[in-house]
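1. here is a sequence together with a model predicted from it:
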Amino acid sequence: MKRPADWRTLDLSGDPVLVVGRRRPPRGLKGFVVDLHTETFGTMREIAQATTAELAGRTRHKWHPNAIAEPGEQYLSVSVDELPARVGRRRRVATESQHSSPPPSDPRLAQAADLLREVLDPGRLDNIDPDGLGSEHLLFYGLSWQRGDDGKPVAFVSKYDPTTVLRKASHFFRFAGTLRSADAPDFALNDRADLVITTEEVAILSESAFDHLFSDIRGMLNDVPANAASLKVALTHLPMSAESQSALIDICSRKPSLARRLQNFAASASAAAVTPNALTTVLKKHGQAPKDFISNGTLEIGPEQAEIFLDVAEGRWYEADFTAEPRRAARWSRR
């Protein structure tokens, strides 16, 4: 894993390769190569150099599903060793017996692994058809140097459709004392990348770009029943009634933020630490009536208690140390 200053040592003297990609369900990401003229190489290097300078000026913070980086001060880092070896098909809604083991890692990591294969090995990708530009939305673009990281590939990826300009505007002009017509551009790139990908690490400059690039919201909502079933298994010391499972499915299927939290909680080791006695103690501490959540040692909740249960189980409710003011953490990060 690189130290922040190490990013400045990347070798960008070689020829860059421009890769663009779309999301093609159910196969995931599909990349294409855009041939570059040599006159564009300098601009591509400037984009990469601006990105490495930004990384060098920040501190590194390890990524986890709830990680928060201070904008402009930190970047998040994911080790490639944490990425799945291959991307499987989306899980179907499973029975309890089918969920005897914990669910797979965060799906964002699976799609990050998919992207890594697309941008670090562009030699196997087809060239994009110029006639098809603007007909389909692109999800990302990446600038790749095949020997830029000590002889290994490195890619600078942005969650942006570089052909947006073809759909967002219909007339183009330039101004030099008077306004004159100008040819419409085919591509428009940002001044820096959102992610930098090597064979060892994914460095994340923009959390929102990472989330939007790898979060299939519709798929995540479709996965709510499977994740609720996984949570039922993960709560090894707290039986969950069928009504409680249905309540979680009901509310999490309507709110993507809760669907993400259900997914993360079902995959966390902390779920096994929730027992009837421990939950009772925590609920009393926060002024909640345990009988509204637990009956005869079983989790018994309706839709109105489902979000509170997730809040309490995740440790989002707390009191300020000096004022004892009751507070709720909208997001949290490990210390």
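-> Nice, I can see it.
2. which non-adjacent residue is nearest A5?
-> Here the nearest residue to A5 in space, its sequence neighbours aside, is A56; by Cβ to Cβ, 6 or more residues apart in numbering that works out to 5.3 Å. From N, CA and C alone the C-beta is placed, and that goes for glycine too.
3. burial measure for the one you found, as a count.
-> The number of residues packed around A56, counting by other Cβ atoms under 10 Å, is 15.
4. the closest residue to G21 other than its chain neighbours: what secondary structure?
-> Counting by Cβ to Cβ, 6+ apart, G31 is the residue found nearest to G21 once chain neighbours are left out, at 4.2 Å. Here G31 is strand, with the state taken from DSSP: H, G, I helix; E, B strand; the rest coil.
5. which residues touch G31?
-> Counting by Cβ atoms under 8 Å, 6 or more residues apart in numbering, G31 makes contact with V19, V20, G21, E118, V119, P122, L125.
6. what of A313?
-> Applying Cβ under 8 Å, 6+ apart to A313 gives the contacts F265, S270, A271, V274, L279.
7. separate out the buried members of those.
-> Among the contacts of A313, those classed as buried by 16 or more other Cβ atoms under 10 Å are F265, A271, V274, L279.
8. where is the longest helix in this protein?
-> helix 41-56 (DSSP state H).
9. what's the weakest-modelled helix or strand in this protein?
-> Within the chain, confidence by mean pLDDT, DSSP states H and E is lowest for helix 217-222 among all helices and strands, at a mean of 72.
10. just checking, next helix/strand downstream of that helix?
-> Once the chain leaves helix 217-222, the next helix or strand it forms, by DSSP states H and E, is helix 224-234.
11. give me the next element, helix or strand, following that following helix.
-> Using DSSP H and E, the next helix or strand after helix 224-234 towards the C-terminus is helix 242-252.
12. and that following helix with helix 224-234, angle?
-> With axes from the mean of the first three to the mean of the last three Cα atoms, to 10 degrees as the criterion, the two stretches helix 242-252 and helix 224-234 enclose an angle of 140 degrees.
13. quick one: low-confidence parts of the stretch 1-150 of the chain?
-> Across the stretch 1-150 of the chain, the ranges flagged by pLDDT under 70 are 25-27, 84-108, 110, 132, 134-135.
14. quick one: the strands in it?
-> All strands of the stretch 1-150 of the chain, identified by DSSP state E, counting those that start in this stretch, fall at 17-24, 28-34, 59-62, 74-79, 126-127, 140-149.
15. quick one, which of those is nearest to G297?
-> Shortest distance between G297 and the strands of the stretch 1-150 of the chain, using Cβ to Cβ, is found for strand 59-62: 37.1 Å.
16. packing partners of that closest one?
-> Using 3 or more Cβ pairs under 8 Å, 6 or more residues apart in numbering; DSSP states H and E as the contact criterion, the neighbours of strand 59-62 among helices and strands are strand 74-79.
17. list the helices and strands the strand it packs on packs on?
-> If contacts are counted by 3+ Cβ pairs under 8 Å, 6+ apart, strand 74-79 sits against strand 59-62, strand 201-204.
18. pick the most deeply packed of these.
-> Of the helices and strands packed on strand 74-79, the one with the most neighbours on average (mean count of other Cβ atoms under 10 Å) is strand 201-204, at a mean of 24.
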